[in-house]
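Q: Model the structure of this input:
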Amino acid sequence: MMAAQDVTSGMEATFTRDEFTGRQDRARKAMQKAGLDAMLVTSPENIYYLTGQQTPGYYTFQCLLLPVSGEPSFVVRQLEYFNLVANTFLTDIHPFGDSDDPMAVLNALLQQKGLKGRRVGVEKSGWFFPVAVYDRMVAALGTLHDAGGITESLRAIKSPAEIAKLARAATYVDAGMKAGLGQVRAGGTENDLVAAMMHDAIAAGSEYMGMEPLVSAGRRSGVPHGTWRRGPIASGDGVFLEMAACHDRYHAALMRTAWVGTPPEQAREMMKVCQDALAASLEAIRPGVTCETPHNVCQRIIDAAGYTENFRKRLGYSVGISFAPDWGEGGILSLNAGVETELEPGMAFHLPPALRIYGRFTVGVSETIVVTETGHRVLGTLDRGMVLRPA
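A: Numbers count the residues shown, from 1 in each chain. Next comes the predicted model:
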């Protein structure tokens, strides 16, 4: 096995050994309930949650083998070996070279652990679990069972240590958003805003984010999920800004709106609807209510104002651990109609109500929050009003 005197186990771990051990133990209990003997974890978020491993190199195969009993094992690209050692407390590591077949390494490991022919689960819905990899696993291992949702259900409720990281991330996103709003001016560009947002968020402490900021001005802002393209900012333009920042892979996000000159009356009205919808939704958040409750509160306010067709989306989504291509955990929980999961203390969400006149402008406002024992805690500090700049 490779060794390096200056790279020691867990030297860059973001949580204690006990925190990771507790997470693995809870995952094992859920595996037992699902009738699994072992679980193969390939999604970077779940790997990070269970072990602490983080790398931008998750485009190559990596896999945590978590048995119901016994030591966890990890199959990883040789280049990532010392990264894994530094970020985790794992000791049973099986590296493969760039000319090696990782499936052969995994197959040999399962045979060594006596798991061939046992009930082994995989994350069938994982973004980084291609069909080709699944087919090769089936060819080597036989029937595989679905372990999707086991780790995600644990991630939904954050520990105090996780909430502390979310709160740190929120200070970074506040810094970035404040800088971006400060650059809104006639004669500037979308790039000026993003450059300031990224600079100040990173200077405040942020790591690389799971997704780039969403910033657009003028008519471009009326197209959902538009990103900066050197667009000029002119007098009379609305400016849409949304971004996330990251602390130890935990993301907080924020959306704000600005206008150069006097906004049209419809934009002012729509902005007030967004603010009212957000405030009322936050008031509805408390333990025991369902995830659809705050969404329905938001939807009623938007419908009453006559902007149903300008919304057409969920109110919000869970946030926490993220890697590209997303800053949210929307695959875990959504604040949306029909989602009957009850809110619990420790759940965290980003709520971004936004309204659009498609092809003309977007207005919106958001907060990242944590559900508390009695209600919610807003993590950001910036004013929610539309920021107005001289024409």
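
Q: how about the strands of the stretch 51-200 of the chain, start to end?
A: Ranges of strands in the stretch 51-200 of the chain, per DSSP state E, counting those that start in this stretch, are 62-67, 73-77, 92-96, 120-122, 145-146.

Q: Please apply the same query to the stretch 251-391 of the chain.
A: Assigned by DSSP E, counting those that start in this stretch, the strands in the stretch 251-391 of the chain fall at 316-318, 334-335, 348-351, 354-357, 361-364, 367-371, 376-378, 387-389.

Q: would you list those strands in a markdown table and tack on distance to A34?
A: In this view, the C-beta of every residue, glycine as well, is placed from N, C-alpha and C. As requested, these are exported to a markdown table (distance: least, Cβ to Cβ, whole Å):
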| stretch | distance to A34 |
| --- | --- |
| strand 316-318 | 22 |
| strand 334-335 | 23 |
| strand 348-351 | 25 |
| strand 354-357 | 38 |
| strand 361-364 | 39 |
| strand 367-371 | 26 |
| strand 376-378 | 32 |
| strand 387-389 | 49 |
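
Q: Adding mean pLDDT and mean neighbour count, write these out as a markdown table.
A: Listed next are those as a markdown table, based on pLDDT from 0 to 100; neighbours: other Cβ atoms under 10 Å:
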| stretch | mean pLDDT | mean neighbour count |
| --- | --- | --- |
| strand 316-318 | 97 | 24 |
| strand 334-335 | 98 | 25 |
| strand 348-351 | 98 | 27 |
| strand 354-357 | 97 | 21 |
| strand 361-364 | 98 | 26 |
| strand 367-371 | 98 | 24 |
| strand 376-378 | 98 | 18 |
| strand 387-389 | 98 | 17 |
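
Q: closest one to Y307 among these?
A: strand 354-357 (5.3 Å; Cβ to Cβ).

Q: For that closest one, which outside residues touch it?
A: Here strand 354-357 makes contact (Cβ atoms under 8 Å, 6 or more residues apart in numbering) with 222, 224, 240, 255, 266, 270, 273-274, 302, 307, 310-311, 362-366.

Q: could you redo the last one with a cut-off of 7 Å?
A: Strand 354-357 is contacted from outside by G222, P224, M255, M270, V273, C274, Y307, N310, F311, T362, V363, G364, using Cβ atoms under 7 Å, 6 or more residues apart in numbering.

Q: gap between that strand and the chain center?
A: Distance of strand 354-357 from its chain centroid, counting by Cα atoms, centre = their mean, to the nearest Å, is 23 Å.

Q: Mind giving me the ChimeraX select for the contacts of strand 354-357, buried ones only?
A: A single ChimeraX command suffices to select whichever of the contacts of strand 354-357 are buried according to 16 or more other Cβ atoms under 10 Å:
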select :222,255,270,273,274,307,310,311,362,363,364
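
Q: Return the member of the contacts of strand 354-357 nearest to T91.
A: Taking the contacts of strand 354-357 together and measuring to T91 by Cβ to Cβ, the closest member is M255, at 43.4 Å.

Q: The closest one contacts E242, correct?
A: Yes. Using Cβ atoms under 7 Å, M255 is in contact with E242, at 4.1 Å.

Q: what's the overlap in contacts for those two?
A: What both M255 and E242 touch, as defined by Cβ under 7 Å, 6+ apart, is the set P352.

Q: Apart from its neighbours in sequence, what residue is nearest P213?
A: M243 (3.8 Å; Cβ to Cβ, 6 or more residues apart in numbering).

Q: Pop out the phi and psi values for that neighbour.
A: Here is the backbone geometry of M243 (degrees, to the nearest 10): phi -160, psi 170.

Q: per-residue pLDDT, it?
A: Looking at M243, its pLDDT is 98.

Q: circling back to that earlier point, between the contacts of strand 354-357, which is nearest A201?
A: Distance to A201, by Cβ to Cβ, is smallest for M255 among these, at 14.4 Å.

Q: if I pick the closest one, what's in contact with it?
A: L241, E242, P352, A354, G364, V365, S366.

Q: Identify the residue spatially nearest to the residue nearest to the spatial centre of the chain, adjacent ones excluded.
A: Centroid-nearest residue in the chain, with Cα atoms, centre = their mean: G328, separated by 2.7 Å. Closest residue to G328 apart from its sequence neighbours, by Cβ to Cβ, 6+ apart: Y317 at 4.6 Å.

Q: Can I get the strands of the stretch 51-200 of the chain in TSV including mean neighbour count, mean pLDDT and distance to V105?
A: Shown next, in TSV, are the strands of the stretch 51-200 of the chain (neighbours: other Cβ atoms under 10 Å; pLDDT from 0 to 100; distance: least, Cβ to Cβ, whole Å):
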stretch	mean neighbour count	mean pLDDT	distance to V105
strand 62-67	22	97	9
strand 73-77	23	97	5
strand 92-96	17	97	5
strand 120-122	22	94	15
strand 145-146	14	94	21
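
Q: Mind putting those strands into a markdown table with distance to T293?
A: Below are these laid out as a markdown table (distance: least, Cβ to Cβ, whole Å):
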| stretch | distance to T293 |
| --- | --- |
| strand 62-67 | 35 |
| strand 73-77 | 40 |
| strand 92-96 | 45 |
| strand 120-122 | 32 |
| strand 145-146 | 29 |
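
Q: Of all those, which one is nearest G205?
A: Per Cβ to Cβ, nearest to G205 of the strands of the stretch 51-200 of the chain: strand 62-67, 26.6 Å.
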